[in-house]
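>>> compute the structure for the input listed below.
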Amino acid sequence: MTTPTFTSQRTLTLTAWALMLLASLLPDIICREFFGGVPGWLFPVRLIILAVFFALTFLLKIIRTMRAFSVVLFTLLAAPALLNRFNYEIPFLTKLLGNGSFISSMQPEQFGKLAVSLAMIAVLFLLGFRFKSMFLVPGKLNAPITPVKWLGFPKPESWIRFGGQYSIYLSAGVGLVLWFTSRTPTNIMTQTLYLLPAILLMAAMNAFNEEVLYRSAVLAPLESVIGKLHTWGISAAFFGIAHFYGVPYGWLGILLAGFMGWILTKAMLETRGFCWTWWIHFLQDVVIFFFLAAGTVVPGG
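Predicted structure coming up:
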């Protein structure tokens, strides 16, 4: 195997960042926020650029190792457009979980995301990746962390200690932000408790889906090509940008989700598995979905 030169490595790294930004929500955000709307031609143009890049990987040796990443990004854009044509409503499940606007909207949305996640896993298999290289294994739950002094961990503590603490800290922090911004009355929060089974199920599915699409699908084809550090940054940035129209909304949402993505990517890379990243994500989504179910916060508003 030929060792890449500094120039070729820099080219691959910049290319990976550029492809991620192209496939991310950023072009839509710029058009919607600064030009009043997203033009109809933007989506097909992005797909065409990725398809052309994929073709070029067969002609240009310097970007050959980016072929799998270009396929992943093409799938991330194309799969939802194709699979969202199907109806994912499951009436008996909606009725079982409690009906209401939260369930009626969230149930088909999460099952639609699950279809995209399974399609992505299938594509990764076709590209030659297996569960271990996709990080879809438990991983080493007590693996040592890379020290993070500014988070209060200057030594390589176990992920059981770090993950156990930060899964609570992050969820509590998000909960406080949402409570202070929404001022949800106590009686509304109490009334929402009957939806807790639905909230737990939807949070579990959302955490799985997003970790497959923004973590596994990014880390698997990139880590061995551009290295751990830039792969880490790309995954965190990709995740952050995707939450511009989430809860909370806007640039604050990008910063908070980006930090969350940084922690989640750290978990997956250091434990070489899915468990800690899913668990931390799940707990945060439980908090967010609780406020969504209470009807006191609105995505993108």
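>>> where in the stretch 101-250 of the chain is pLDDT low?
Judged against pLDDT under 70, the stretch 101-250 of the chain has no low-scoring part.
>>> buried residues in stretch 157-171?
Buried positions in stretch 157-171, judged by neighbour count with 16 or more other Cβ atoms under 10 Å: 157, 159, 162, 163, 166, 167, 170, 171. Where you see a C-beta, it was placed from the backbone N, CA and C, and this is true even at glycine.
>>> just those now: which is nearest residue 260?
Nearest to residue 260 out of the buried residues of stretch 157-171 is residue 170 (Cβ to Cβ; 6.4 Å).
>>> quick check: closest non-adjacent residue to that closest one.
If you skip the residues right next to it in sequence, residue 170 has residue 284 as its closest partner in space, 5.6 Å away by Cβ to Cβ, 6 or more residues apart in numbering.
>>> mean confidence score for stretch 259-267?
For stretch 259-267, the per-residue pLDDT values average out at 94.
>>> before we move on, which element is the residue nearest to residue 170 in?
The secondary structure element spanning residue 284 is helix 275-294 (assigned by DSSP states H and E).
>>> hmm, back to that, help me confirm that the residue nearest to residue 170 comes into contact with residue 178.
No: contact between residue 284 and residue 178 fails when scored by Cβ atoms under 8 Å: they sit 10.7 Å apart.
>>> okay, the two: which has more neighbours?
For residue 284 against residue 178, the residue with the higher neighbour count under other Cβ atoms under 10 Å is residue 284, and the figures read 25 against 21.
>>> report the contact partners of the more buried one.
170, 171, 174, 260 (Cβ atoms under 8 Å, 6 or more residues apart in numbering).
>>> show me what contacts the closest residue to the second one other than its chain neighbours?
Translated: residue 171. With sequence-adjacent residues excluded and distances taken as Cβ to Cβ, 6+ apart, residue 171 is closest to residue 283, at 4.4 Å. When contacts are counted by Cβ under 8 Å, 6+ apart, residue 283 is found next to 167, 168, 170, 171.
>>> apply 10 Å and report the result again.
166, 167, 168, 170, 171, 172, 174, 175, 203, 207 (Cβ atoms under 10 Å, 6 or more residues apart in numbering).
>>> I'd like those residues as TSV, with secondary structure and distance to residue 289 appended.
Rendered in TSV, the data for the contacts of residue 283 read as follows (DSSP: H, G, I helix; E, B strand; the rest coil; distance: Cβ to Cβ, whole Å):
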residue	secondary structure	distance to residue 289
166	helix	20
167	helix	16
168	helix	17
170	helix	15
171	helix	12
172	helix	15
174	helix	11
175	helix	11
203	helix	5
207	helix	10
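>>> from these, pick the one nearest residue 43.
Minimum distance to residue 43 across the contacts of residue 283 is 26.9 Å, recorded for residue 207 (Cβ to Cβ).
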